[in-house]
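Novice: Sequence plus the predicted model coming up.
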Amino acid sequence: MAKYNVSSSVGKAFRLLECIVVNQPITAPEISRKLGFNKTNTYRLLTALCDIGYIYKKEKGYNITFKLLSLGNIAPATKTIKSVAKPEMEKLMNIVHENTYLTALMDDKIFVINSFKFPEHHLMLNPEKTTVFPIYSCSSGKMFLAHMPPKMRKELLDKIEFVQLTKTTLTDIEALDKELEKCKKQGYAVENREFADELISICAPIFGLDDEVLACLSISGPSIRITPDKIDEYIPKVVEAAQKVTKQLRKH
């Protein structure tokens with residue numbers, strides 16, 4: 001078997017990713033100096049990794065995305081988020097008496113990485129095996145989109161095939177953009193019968209050290225239980241739970 005050549009483009013890409021993981025946020029010149037790569041190769045690799053969604057650039061430098069952490073659902077950071085969020089999810093479930101979810105973004109889909117089902121309800125609209133949702137159709141998707149850099153969001157939405165899942169599914173990009181601006185400003189998102197008829201969900205973001213959205217904490221249930229009054233009552237509880245998880249994560 002041929003020996004792996006760490007000087008190849010693949011080897012350099014992995015070394016670059018490792019450098020970002022340890023030093024994020026980190027600038028391109030800093031990466032070049034640490035790894036001994038020339039500037040042209042560094043920018044070429046950074047551009048390629050940004051294009052496929054494994055890293056993103058902010059004012060202070062490059063960071064890895066949750067897409068990388070989500071691979072295989074075995075990354076230590078994912079386990080940390082799940083373990084830190086678990087007590088707050090259980091508390092929230094017992095306060096609102098609805099299902100609670102921890103979700104992550106991968107490509108253009110929202111994945112459930114942990115959930116707690118309130119045991120006393122017989123009426124459940126969430127199929128037990130539904131763990132993946134189109135990004136535009138759920139409250140968590142709105143929150144991830146709301147905090148994306150504009151260019152990244154546009155590129156992602158441009159490649160999506162929007163499907164009218166219900167009468168209220170947002171399939172118009174202009175209307176969706178207005179909704180996302182509102183979600184970012186208010187700090188939470190509500191999905192009102194957009195993924196499934198009569199299903200309501202409320203979500204708030206969980207932030208990392210650089211204010212990137214690592215995951216979302218949400219509740220969901222049927223509109224017969226989560227009425228407009230209940231939505232107003234539950235929003236601050238969901239936001240508070242997500243803020244507590246963020247605070248704990250930033251201590252790790």
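Specialist: Great, that's in hand.
Novice: From here on, just use CA atoms for contacts and neighbour counts.
Specialist: OK.
Novice: What is the least confident helix or strand in the protein?
Specialist: helix 66-70 (a mean of 60; mean pLDDT, DSSP states H and E).
Novice: chain center to the helix or strand just after it: distance?
Specialist: Note on helix 66-70: by DSSP states H and E, the next helix or strand toward the C-terminus is helix 76-96. On the basis of CA atoms, centre = their mean, to the nearest Å, helix 76-96 sits 15 Å off its chain's mean C-alpha point.
Novice: got the buried residues for helix 76-96?
Specialist: 77-78, 81-82, 84-86, 88-90, 92-94, 96 (16 or more other CA atoms under 10 Å).
Novice: can you list contacts of that helix?
Specialist: Residues outside helix 76-96 that contact it (CA atoms under 8 Å, 6 or more residues apart in numbering) are 69-70, 99-102, 113-118, 217, 219, 234, 237-238, 241-242, 244-245, 248-249.
Novice: Got a ChimeraX select line for the buried ones in those?
Specialist: In ChimeraX syntax, the buried subset of those is picked out as below (16+ other CA under 10 Å):
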select :69,70,99,100,101,102,113,114,115,116,117,118,217,219,234,238,241,242,245,249
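Novice: Among the contacts of helix 76-96, which lie within helices?
Specialist: Judged by DSSP state H, these include L69, S70, Y234, K237, V238, A241, A242, K244, V245, Q248, L249 as members of helices.
Novice: what's the lowest-pLDDT member of these?
Specialist: Lowest pLDDT within the ones in helices among the contacts of helix 76-96 is found at S70 (53).
Novice: and which of the buried residues of helix 76-96 is nearest E194?
Specialist: Nearest to E194 among the buried residues of helix 76-96 is V96, at 21.1 Å by CA to CA.
Novice: Local confidence estimate at the closest one?
Specialist: pLDDT, read off for V96, is 95.
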